[in-house]
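Visitor: Quick one, fold the following:
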Amino acid sequence: MNAPMRRYLDHAATTPLDPRVWQAMQPYFEAEFGNPSSVHGYGQRAEAAVEHARGRLAAALGCQPEELLFTSGGTESDNLALRGAALAARRQRGANRLLVSPVEHPAVARTAEQLASEFGFELTLLPVDEYGQVHPHDVARLLTPDTALVSVILANNEVGTINSIAEIAAICRERCVPLHSDAVQAPAYLPLNVDDLGIDLLSLGAHKLYGPKGTGVLYVRAGTPLRATQTGGSHESGLRAGTHNVPYIVGMAEAFEIAQAEISQSINRLIDWRDNIITTILEQIPDSRLTGHPTNRLANHASFVFKGVDGNALLMLLDDAGFACSSGSACKTGDPQPSEVLLAMGITPEWAEGSLRITLGKHSSADDVDALLAALPALVERARKLERIHR
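Guide: Model (predicted):
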């Protein structure tokens, strides 16, 4: 029997490396292998590559090069933003409270919880609506003078919902409280300019925008207090110690520029396919629900819950049929517990256990969408039968 054609529909988990990105990176694996901290010619050329990449990213984001810190990825950027800003605010103005949404990526959620449990910060969770959106008026209502930091995700990784970050940022700026946003999912689908967003701290990672895994950026608006949380050498203005990963940094700058430049080429096609997936699944599969906002969501992102389904069992059935999808955050796949994001949105555990995330990419095709929609109803029904037998 022939193996099924493989179709990758999990671009929110990671994306394939763009060949143009690999071409930009390759010299820094080979001939230009120097350590940017070395004073000789090899080191000087490596340092020049890092700073050129920093300048390219700054130009694309609308900020100054010195406002960007290179990290090992979105998770480290989130960690540095929360710990660094919270500890700095406590030291400078005695602020001891964190205001965080309950639908954050684990890199934010777990960091905020640790700051509360081990560092003595008071953690307040912002309310979200049924779509997972944070409303600006709730931020205004819950902000207090002792708030050290507010963190609200720009585009949710599990359900695709986009938050009104610019409105939230205006409220935080008026109260002189820094705002952080995890924007890791956004650059391939939303134009990003830090002044338009009004943000103080912004986390990015390369591998969600056709760049390499293992590198990221934290934007820190000039004047925003931040304490180093990784000590060692004086790299990144003393705020993030560690030898620079030169080829990956070069790759991230290339990937970000390409992603932002090519949004308009793919956005309408992705929205049409996304909406077709949503409409067809809700019409053809009984006891199915869309998760996230019906329209104010990432162009490539469709997510659902199915009553009476084990999400991980459904993923295995999909994989056997040739479809790579996810049950939500790639950092949670395989976890038998219902998603905290879905529970925070008011979805019951019975439904939340049957989650499915379908995320398209620039190499996706209409044939991929048609094949998935043809196969999924029977696979969901099979998963339901398996769940009934298991129970």
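Visitor: Which strands and helices lie in contact with the strand or helix carrying Ala148?
Guide: Using DSSP states H and E, Ala148 maps to strand 147-151. When contacts are defined as 3 or more Cβ pairs under 8 Å, 6 or more residues apart in numbering; DSSP states H and E, strand 147-151 packs onto helix 74-93, strand 97-100, strand 179-182. Glycine gets a C-beta too; all of them are placed from N, C-alpha and C.
Visitor: now Met25: how far from Ala188?
Guide: Met25 is 18 Å from Ala188, where distance means Cβ to Cβ, to the nearest Å.
Visitor: of those two, who's got more company?
Guide: A side-by-side neighbour count of Met25 and Ala188, using other Cβ atoms under 10 Å, places Ala188 first with 26 against 21.
Visitor: Could you report the pLDDT at the more buried one?
Guide: We note a pLDDT of 96 for Ala188 in this prediction.
Visitor: which SS class is it?
Guide: coil (DSSP: H, G, I helix; E, B strand; the rest coil).
Visitor: pretty sure it contacts Ala261?
Guide: No. In this structure, Ala188 is not within contact of Ala261 by Cβ atoms under 8 Å, at 10.8 Å.
Visitor: wait, what's in contact with the residue positioned nearest the centre of the chain?
Guide: Central residue of the chain (Cα atoms, centre = their mean): Val184, 3.2 Å from the mean position. Listed by Cβ atoms under 8 Å, 6 or more residues apart in numbering, the contact set of Val184 reads 74, 105, 157, 203-205, 208, 216.
Visitor: And for it, nearest residue in space, chain neighbours not counted?
Guide: Gly74 (3.9 Å; Cβ to Cβ, 6 or more residues apart in numbering).
Visitor: Distance check, that neighbour against Arg357.
Guide: Counting by Cβ to Cβ, the gap from Gly74 to Arg357 is 17 Å.
Visitor: Between the two, tell me which one has more neighbours.
Guide: Each of Gly74 and Arg357 has its neighbours counted (other Cβ under 10 Å); Arg357 has more, 29 against 26.
Visitor: what kind of secondary structure is that one in?
Guide: When the rule is three-state DSSP, Arg357 gets the label strand.
Visitor: which stretches of the stretch 201-350 of the chain form strands?
Guide: 201-205, 216-220, 288-290, 301-306, 323-324 (DSSP state E, counting those that start in this stretch).
Visitor: okay if I get the ones you listed as JSON lines plus mean pLDDT and distance to Val150?
Guide: Formatted as JSON lines, those follow (pLDDT from 0 to 100; distance: least, Cβ to Cβ, whole Å):
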{"stretch": "strand 201-205", "mean pLDDT": "98", "distance to Val150": "10"}
{"stretch": "strand 216-220", "mean pLDDT": "98", "distance to Val150": "15"}
{"stretch": "strand 288-290", "mean pLDDT": "98", "distance to Val150": "28"}
{"stretch": "strand 301-306", "mean pLDDT": "98", "distance to Val150": "24"}
{"stretch": "strand 323-324", "mean pLDDT": "98", "distance to Val150": "35"}
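Visitor: Brilliant, that's me finished.
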